[in-house]
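Engineer: got a predicted model here, sequence first, then my questions.
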Amino acid sequence: MFKKILIANRGEIARRVIRTCKRMGVQTVAVYSDADRDLPYVSEADEAVHIGGASPLESYLQVERIVEAARSTGAEAIHPGYGFLSENPVLMQACKDHGIAFIGPRPDAAERMGNKTAARELVRAHAIPVVPGTPGPVRGIEEARNHAAAISYPIIVKAAAGGGGIGMQVVKSEEELEKALQAAQARAAQAFGDDSVYLEKYVEGPHHIEIQILGDGKGNVHHVFERECSVQRRHQKIIEESPSPFITPELREKMTAMAVAAGKAVDYVNAGTIECLVDMHRNYYFLEMNTRLQVEHPVTEMVSGLDLVEQQLRIAAGEGISFDPASVAQKGHAIEARIYAENPNNFFPSPGRLTKYVEPLGEHIRVDAGFREGNEVTMHYDPMIAKLIVWGETRTEAVRRLREALENYHIEGIKTNIPFLKLVCEDADFAAGNYDTHFVERVQKRLKEQKVKL
């Protein structure tokens, strides 16, 4: 096992990795920007290295500075977290060139699966169903118009080099296409350093289901079941759960087998996620592969009993997984709610200082937070403050526990989405597990019609 690793990320995921490393006796090195020097993860790591200015382009997207921080501190490996450089083959190759282990996939697999259009074509060749779309990035508005007409509206413009819904634009007609294309390209360049985008058919009323996989580094790929991620705003997840209340045992078996096949197609190593759309008739389609740990990985940990970060470290160190895949089962039900610094009425960011910050306590309640009282949430990064994760013997119990935990989560100084999350917990459709990716839009429409302000 490694003696020391560097975490090329910030906030709650850095703290999450540090927590597992402390338990395993692995020392940690944090990196931080000007804006993050006072965040908890910086002091919780064994060492910390300043890497630049507040914007990601000046700090967390600087491959050379991150590799140099690892070399200067004697870190044997780099954990990328998610976002930033987590799916960037340039960092992976730089680690390889300098004899530093990358706690994630090999560069070739990340390049093939991290590029969304290449991934679609690869899995299509293995008879895995995909959502209709362009075979590669579109180059210019005329090409985009031609492809969009062939696919038929509505379509989605998506970043080819990244995920997380960042920059995604739904286009309902040709008149909207050029503006959406420009917006998606600009956001992709800012977030991933690559403005390539592709087009995909917009499947209406779908469920967003993802499958957690682990490649053990010994030629095997295993799954750790699914997560339902259909409660989304602006195409970004805000509530995730496992098991999915929508898919059947038969569909689960088919989708997990598909995910394993997709992982084996690229000889995948370490943690990854196969993302799918499932329509109202339970037809499923490969959407993309995220070659990294996911924000919502805690719900899988809660129902499986596994520490996925520990498994990542063991795989990267050459030990393989430390559990018998045949013995892993989904036990009970887990739900995660993302706590954001944002106006709950329109989801616009609400930066500022946390003048009061009190987390809920109780059995089967977990909070993965990036901030503490007195810290400032800035405009430079994603406005997520924390993730609230609960577990119950049944889904009904988990929903009740989430509702109670939200009542006991107290944040002052900024606006948060907690009032909206409470509303979701009280919604009859959510309580019944009867929702799809348009659920949030329907709730917002109802609030507007009733002139309700949160």
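Structural biologist: All right, it came through fine.
Engineer: please count neighbours and contacts with C-alpha atoms only from this point.
Structural biologist: Will do.
Engineer: so which strand or helix has Leu313?
Structural biologist: Assigned by DSSP states H and E, Leu313 belongs to helix 308-316.
Engineer: neighbouring contacts of that helix?
Structural biologist: Outside helix 308-316, the residues within contact range by C-alpha atoms under 8 Å, 6 or more residues apart in numbering are 1-2, 17, 20-21, 101-104, 215-217, 269-271, 297, 301, 320-322.
Engineer: run the last query once more with 6 Å
Structural biologist: With contacts defined as C-alpha atoms under 6 Å, 6 or more residues apart in numbering, helix 308-316 is touched by 103, 216, 270, 320-321.
Engineer: I'd like the next helix or strand past that helix.
Structural biologist: Next element after helix 308-316 (DSSP H and E): strand 333-340.
Engineer: so in that sheet, which strands flank that next one, and in what orientation?
Structural biologist: strand 236-242 (antiparallel), strand 384-392 (antiparallel) (DSSP bridges).
Engineer: contacting residues around the longest one?
Structural biologist: Same thing as strand 384-392. 332-340, 364-370, 398.
Engineer: among the residues you listed, name the buried ones.
Structural biologist: With burial judged by 16 or more other C-alpha atoms under 10 Å, the buried subset of the contacts of strand 384-392 is 332-340, 365-370, 398.
Engineer: any idea which helix or strand in the protein has the lowest mean pLDDT?
Structural biologist: Ranked by mean pLDDT, DSSP states H and E, the weakest helix or strand in the chain is helix 116-124, scoring a mean of 83.
Engineer: buried residues in that helix?
Structural biologist: 116-123.
Engineer: swap in stretch 217-225?
Structural biologist: Going by neighbour count (16+ other C-alpha under 10 Å), the buried part of stretch 217-225 is 217, 221-225.
Engineer: ends of stretch 71-87, how far apart?
Structural biologist: With C-alpha to C-alpha, to the nearest Å as the measure, stretch 71-87 spans 21 Å from end to end.
Engineer: and what of stretch 56-66?
Structural biologist: End to end - C-alpha to C-alpha - stretch 56-66 spans 12 Å.
Engineer: stretch 212-223 too?
Structural biologist: End-to-end for stretch 212-223, by C-alpha to C-alpha: 6 Å.
Engineer: quick one: contacts of it?
Structural biologist: Against stretch 212-223 from outside (C-alpha under 6 Å, 6+ apart): 224, 260, 268-273, 315, 320-321.
Engineer: flag the shaky bits of the chain, pLDDT-wise.
Structural biologist: 164 (pLDDT under 70).
Engineer: just the CA atoms of the longest helix seen in it, as CSV, please.
Structural biologist: Counting residues, the longest helix in the chain under DSSP state H turns out to be helix 174-192. The C-alpha coordinates for helix 174-192 follow below in CSV (Å, rounded to 0.1, in the frame of the first residue of the first chain):
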residue,chain,number,x,y,z
GLU,A,174,-33.4,24.7,-35.2
GLU,A,175,-33.8,28.3,-34.1
GLU,A,176,-32.3,27.5,-30.7
LEU,A,177,-29.4,25.5,-32.0
GLU,A,178,-26.7,28.1,-32.7
LYS,A,179,-27.0,29.8,-29.4
ALA,A,180,-27.1,26.5,-27.5
LEU,A,181,-24.0,25.2,-29.4
GLN,A,182,-22.0,28.3,-28.5
ALA,A,183,-23.0,28.2,-24.9
ALA,A,184,-22.1,24.5,-24.6
GLN,A,185,-18.8,25.0,-26.2
ALA,A,186,-17.9,27.9,-23.9
ARG,A,187,-18.8,26.0,-20.8
ALA,A,188,-17.0,22.9,-21.9
ALA,A,189,-13.8,24.9,-22.6
GLN,A,190,-14.0,26.5,-19.2
ALA,A,191,-14.7,23.3,-17.3
PHE,A,192,-12.6,20.8,-19.2
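Engineer: by contact count, what packs against it?
Structural biologist: Packing contacts for helix 174-192, counted by 3 or more C-alpha pairs under 6 Å, 6 or more residues apart in numbering; DSSP states H and E, involve no helix or strand.
Engineer: quick one on the thing from earlier: I'd like the buried residues of helix 116-124 as JSON lines, with distance to Phe84 appended.
Structural biologist: Below are these laid out as JSON lines (distance: C-alpha to C-alpha, whole Å):
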{"residue": "Lys116", "distance to Phe84": "16"}
{"residue": "Thr117", "distance to Phe84": "20"}
{"residue": "Ala118", "distance to Phe84": "20"}
{"residue": "Ala119", "distance to Phe84": "20"}
{"residue": "Arg120", "distance to Phe84": "22"}
{"residue": "Glu121", "distance to Phe84": "25"}
{"residue": "Leu122", "distance to Phe84": "24"}
{"residue": "Val123", "distance to Phe84": "25"}
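Engineer: what is the nearest of those residues to Thr378?
Structural biologist: Closest approach between the buried residues of helix 116-124 and Thr378, by C-alpha to C-alpha: Lys116, at 29.9 Å.
Engineer: quick one: contacts for the closest one?
Structural biologist: Lys116 is in contact with 160, 288, counting by C-alpha under 6 Å, 6+ apart.
Engineer: the same query, at a cut-off of 7 Å, please.
Structural biologist: By C-alpha atoms under 7 Å, 6 or more residues apart in numbering, the contact list for Lys116 reads 160-161, 288.
Engineer: which stretches of the stretch 301-450 of the chain form strands?
Structural biologist: Counting by DSSP state E, counting those that start in this stretch, the segments of the stretch 301-450 of the chain that form strands are 333-340, 352-353, 356-358, 365-369, 376-377, 384-392, 410-412.
Engineer: can you put those strands in TSV and add distance to Glu241?
Structural biologist: Conversion of the strands of the stretch 301-450 of the chain to TSV gives the following (distance: least, C-alpha to C-alpha, whole Å):
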stretch	distance to Glu241
strand 333-340	4
strand 352-353	29
strand 356-358	24
strand 365-369	14
strand 376-377	26
strand 384-392	9
strand 410-412	23
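Engineer: of all the ones you listed, which one comes closest to Pro137?
Structural biologist: strand 384-392 (29.7 Å).
Engineer: residue ranges of the strands in the stretch 151-300 of the chain, please?
Structural biologist: 155-159, 169-171, 197-201, 207-215, 221-233, 236-242, 270-278, 284-290.
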